[in-house]
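# coordinates only, sequence not included:
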Ligand code: ZN
Ligand code: ZN
Ligand code: FE
């Protein structure tokens, strides 16, 4: 991987062992010639793995004899630009401890330097224009290094040896503080000025690694309220940057694994259970049991949080638009939101949002895979070379295949947004050119009207269409290295099914090339289509209508009477009532029946809040009825909802009912898996789909499946939600193409 200080490491090792020769990048990685005492050469080979720098990952190491030559000493050969760039682009890495120590040392020439970095840290993917990763191919190109920085860059023993973004206050990018009209303002110390404004309750747009943030003091109710209102963010929680782990643990419960996630070089936002009240403004995340917390990851952040220990750091956009990337975009799109702009003249070349993770039952669940993770490739164990997978419609990301590696892009977002669609086009072009991949096959969803499907069709390549939930299961198989047949479980909100209906509670027997649909929820009626997603009370009526007929009108007491009547009429006439088997819709309906959430202001809100409302220790399940139809198992979701209503009306606490509802869904899953095992003898279960972002459901499912002797596989490298779809599409397309691939 480039940009992680691997060649300097080899150089120092060779010097230490008294070896002559060279180290150079070539088109498949790094090549080392070493000559000297045989024992020392062997030691070099051993220590390459053992002592490699923290960010370096050695995928393959081969050694062969070479004829000796006259070379004296050891040198780092300049990048071999002749070969096709075939080494990985490194992700963006949080400022390291060594750089922070220098930044805080008044005697250091980089004291308070807002762009300090070294070979172990700093921006990478977001400043790279093309590979090989050398300064002229990055947005550092316009900044001419000063003699001091140049010396460091050329000194093999220096921490900044070949650090491409090396710079100092003399030669690096410059910060600037602008007022709401885009006019420079302040005392000439932009960081201190911005920090003062933040402390005074102002909203500042801050240029980060992959785009702008909107920042304000998270302890100020007024500032947070104003930010919410002007950003059109109704109820979704806002991310907060805490000065330190200590500051974070004052407001949230943090276990060892969560602490490790917070402090990891990827520096994601980590979902952490709230602790008490009173420090952060309620307006930050009023309806959530969790804070989304992260630690500072750029020098600018570190300098700002010295003054303001808790900063709301939400993506710099309005509503669901992509995050602002260029200075011009920020000034244009965030005017009317930001009071001030803290920006600089180093360009961000690739937009990349903050990543979001949580820790569930012994492992991390990535909910948004972006800055820090992208574009780290995932080894899929089969040839995917030349496949461009275009991903789903919402939570889109794409993937480009090279060799047996899948390069999964940063989070691109919701393609109903035109800007996001442009981002998709640009990302496809950039990833392909960076990796020198000429796409030969486009993989996409089966849904005919997804923007990503249309993009795939526009490329003039053969197109492989992949069923959405098969892609879910295949991606889980790929990242867990599974080749044969498995029991695949995909629980999510929506996905186009082969019968033209919406699927989303799939129990498959699948391999990478194909699948058989073994079970799912009985289809539920969705009065008004998307309106039932936005107003989950309607979903409850639709799901229970077949059971209760027009009596269903009174089942959601907090639903407006006229609205309920209109919905029932719609159901009776059967007009504009599509069918869905989405597990997410069952969660929506339960959430509405319990009055936990009756209007979704963002995707997944009713289910997220139902998880928050549930007592994790509640025991008991509701009756589950499985009906066999044409060899497929149907699970009756309406019966579960009816039990929820009954208990609600009997006065059972909402927390208990919500907990039992989760138990019931996990139990339903186990029953279907047992049925699948009886039919096939398979024991491996792959869990995928947005529902498995739900910590309670995931933990309960894993525990129960393990109890009855299944081997459970879950996502670790990509999200269980639609952020995994591109990877899955790629793997399915590749397996269908290969003759040797097993078929179901
Ligand atoms: Zn550093
Ligand atoms: Zn300099
Ligand atoms: Fe999905």
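Thanks, I have it. Quantities reported herein were computed from a predicted structural model and do not represent experimental measurements. Ligands and ions are numbered 1, 2, ... in the order given.
# By proximity to ligand 2, which residue of the stretch 401-550 of the chain wins?
residue 434 (27.3 Å; C-beta to the ion). Quick note: C-beta positions are derived from backbone N, CA and C, even for glycine.
# For that residue, give me its contacts.
Residues in contact with residue 434 (C-beta atoms under 8 Å, 6 or more residues apart in numbering) are 85, 89, 128, 130-131, 375.
# Mind giving me the PyMOL command for buried ones among those residues?
A single PyMOL command selects the buried members of those (16 or more other C-beta atoms under 10 Å):
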select buried, resi 85+89+128+130+131+375
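# any chance of the contacts of residue 434 in CSV, with distance to ligand 3, secondary structure and pLDDT too?
Compiled in CSV, these are given as follows (distance: C-beta to the ion, whole Å; DSSP: H, G, I helix; E, B strand; the rest coil; pLDDT from 0 to 100):
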residue, distance to ligand 3, secondary structure, pLDDT
85, 33, coil, 44
89, 28, coil, 70
128, 30, strand, 91
130, 33, coil, 82
131, 32, coil, 77
375, 22, coil, 92
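# mind listing the strands for the stretch 501-650 of the chain?
For the stretch 501-650 of the chain, the strands defined by DSSP state E, counting those that start in this stretch cover 505-510, 515-521, 524-525, 579-580, 626-629, 632-635.
# do the same with the stretch 351-500 of the chain
356-360, 363-368, 377-379, 387-389, 399-402, 405-408, 441-445, 463-466, 486-491.
# what does the stretch 51-200 of the chain give?
74-76, 175-179.
# Could you say whether residue 667 sits in a helix, a strand or coil?
The three-state label given to residue 667 by DSSP: H, G, I helix; E, B strand; the rest coil is helix.
# Quick check, it in contact with residue 625.
No - shown here, residue 667 and residue 625 do not form a contact pair, counting by C-beta atoms under 8 Å, at 12.0 Å.
# the more surrounded of those two?
More crowded of residue 667 and residue 625, by other C-beta atoms under 10 Å: residue 667, with 18 against 12.
# Give the closest residue to that one in space, chain neighbours not counted.
residue 621 (4.8 Å; C-beta to C-beta, 6 or more residues apart in numbering).
# ok, now which ones touch the one you found?
660, 663-664, 667.
# where in the chain is pLDDT low?
1-3, 26-28, 78-88, 739-744 (pLDDT under 70).
# Would you mind naming what in it lies close to ligand 3?
492, 722 (C-beta under 5 Å from the ion).
# measure residue 515 to residue 532 for me?
Residue 515 sits 27 Å away from residue 532, taking C-beta to C-beta, to the nearest Å as the criterion.
# Give me the more crowded residue out of those two.
residue 532 (28 against 23).
# Settle this for me: that one is touching residue 545, isn't it.
No - in this structure, residue 532 is not within contact of residue 545 by C-beta under 8 Å, at 11.6 Å.
# Near whatever residue of the chain ends up closest to ligand 3, how many other residues are there?
Here the residue of the chain nearest ligand 3 is residue 492; by C-beta to the ion that distance is 3.6 Å. Residues near residue 492, counting by other C-beta under 10 Å, number 28.
# Number the residues from 302 up from this point.
Okay, residue one is now 302; in that scheme the one you just asked about reads as residue 793.
# show me what contacts it?
770, 773, 805, 883-885, 989-992, 1022-1023.
# now do residue 598
Residue 598 neighbours (C-beta under 8 Å, 6+ apart): 395-396, 510, 568, 673.
# With neighbour count and distance to ligand 2 as extra columns, can I get those in a markdown table?
Shown next, in a markdown table, are the contacts of residue 598 (neighbours: other C-beta atoms under 10 Å; distance: C-beta to the ion, whole Å):
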| residue | neighbour count | distance to ligand 2 |
| --- | --- | --- |
| 395 | 24 | 22 |
| 396 | 23 | 17 |
| 510 | 26 | 21 |
| 568 | 25 | 25 |
| 673 | 25 | 26 |
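# Near ligand 2, which residues of this structure are found?
447, 450, 469, 471-472.
# which one of these is nearest residue 552?
residue 469 (35.9 Å; C-beta to C-beta).
# How much space separates that closest one from ligand 1?
Separation of residue 469 from ligand 1 (C-beta to the ion, to the nearest Å) stands at 13 Å.
# and what of residue 751?
41 Å.
# Run a quick neighbour tally on that residue.
22.
# again, but for residue 814
With other C-beta under 10 Å as criterion, residue 814 counts 19.
# What about the contacts of residue 793, which one has the most neighbours?
residue 773 leads the contacts of residue 793 on contacts (other C-beta under 10 Å) with 35 neighbours.
# List the contacts of that residue.
Contacts here follow C-beta under 8 Å, 6+ apart; on that basis residue 773 touches 789, 791, 793, 796, 807, 989-990, 1021, 1025-1026, 1029.
# need the residues of the chain near ligand 1, please.
Counting by C-beta under 5 Å from the ion, the residues of the chain near ligand 1 are 397, 400, 419, 421-422.
# Give me the secondary structure label for residue 987.
Quick answer, by three-state DSSP: residue 987 is strand.
# what's the distance between the residue nearest to it when sequence neighbours are not counted and residue 1003?
The shortest distance from residue 987 to any non-neighbouring residue, by C-beta to C-beta, 6+ apart, is to residue 777 (4.0 Å). Per C-beta to C-beta, residue 777 is found 13 Å from residue 1003.
# Those two: which is more packed in?
Legend: neighbour count by other C-beta under 10 Å for residue 777 and residue 1003, higher for residue 777 (32 against 22).
# I'm done for today, thanks for sticking with me.
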